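# Return atomic coordinates for the entry below.
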Amino acid sequence: GVCDDPDPRFTVAVECQECTEAAAEKGGPLLQEEGYALTVGKSGVKIRCSSSSAVMRALSSLLQIIIPDVSEPSSSRSGIPGFVVAGLEIIDEPRYKWRGLMLDPCRHFIPMEVIKRVVDACAVVRMNTIHLHLSDDQGFRFESSKVPALTGRNASDNKFYTRDELKRLVSYAKDRGIRIVPEIDIPGHATALLNALPHLEQAIGDVSDTRAESGESLASSPERTFGVFTKILGIAKPKIST
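The predicted structure is shown next:
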């Protein structure tokens, strides 16, 4: 069948229910978190799922099967061209829980507007993760209120994202069923960090020289000397993690 009447009564109904065996027995498939059942009939579209992210996956599929009806623009009572949707049923769920791609604005800075376009594209093809590489030898791309030199000219060419920009990005992606996973490379890949804080490099050298003179193994590395730089990466502290 084909639904080609742009009647206001043609609706999209969403039914979310807990993903349990009991729910499946009441009718409809047993769907995992991002799974959905999409049914198109003459009266409209019905989506059955168990989460808001599954609704996004179903709507992405729906958009892909809608065809504008440009052959008879006057067929609509409002004068607006209608659309054609094939009558069908789709039962879909992901094979893999992690479906995404990596963006590397650390090595090649990417404007936030471009990242958001990538988020939109991921949502269309039902991906759910963007791995965002934010620190490496080439720079620190996230704002630090404690150590602003990390995003300065010497370390990062003044190219970075503010905390508000990253918060808005996380919210923007979440609204489209996508999670942002940041990658922060410490203590390795720390050239930018040392460019911003050169005294740390000297401190590492001093520790190595001292241990060499005392006969200690030089296998110990900066992470053992300094641990996590809590002013920047102490995520257990709410003021830093948020």
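
# I figured L132 hits R179, correct?
No: assessed by C-beta atoms under 8 Å, L132 is found out of contact with R179, at 10.4 Å. Any C-beta I mention is one placed from the backbone N, CA and C, and that applies to glycine too.

# quick one, which of the two is more surrounded?
L132 (24 against 14; other C-beta atoms under 10 Å).

# Which positions within the strand or helix carrying the more buried one qualify as buried?
When elements are assigned from DSSP states H and E, L132 belongs to strand 129-136. Within strand 129-136, the residues that count as buried by 16 or more other C-beta atoms under 10 Å are 129-130, 132-136.

# Stretch 94-108 now?
Neighbour-count burial for stretch 94-108 [16+ other C-beta under 10 Å]: 94, 100, 103-106.

# Can you lay out those residues as CSV showing distance to A121?
Below are the buried residues of stretch 94-108 laid out as CSV (distance: C-beta to C-beta, whole Å):
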residue, distance to A121
P94, 17
G100, 12
L103, 12
D104, 17
P105, 16
C106, 21
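
# got those residues as a markdown table, with secondary structure columns?
Formatted as a markdown table, the buried residues of stretch 94-108 follow (DSSP: H, G, I helix; E, B strand; the rest coil):
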| residue | secondary structure |
| --- | --- |
| P94 | coil |
| G100 | strand |
| L103 | strand |
| D104 | coil |
| P105 | coil |
| C106 | coil |
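
# quick check, nearest of these to I65?
P94 (18.7 Å; C-beta to C-beta).
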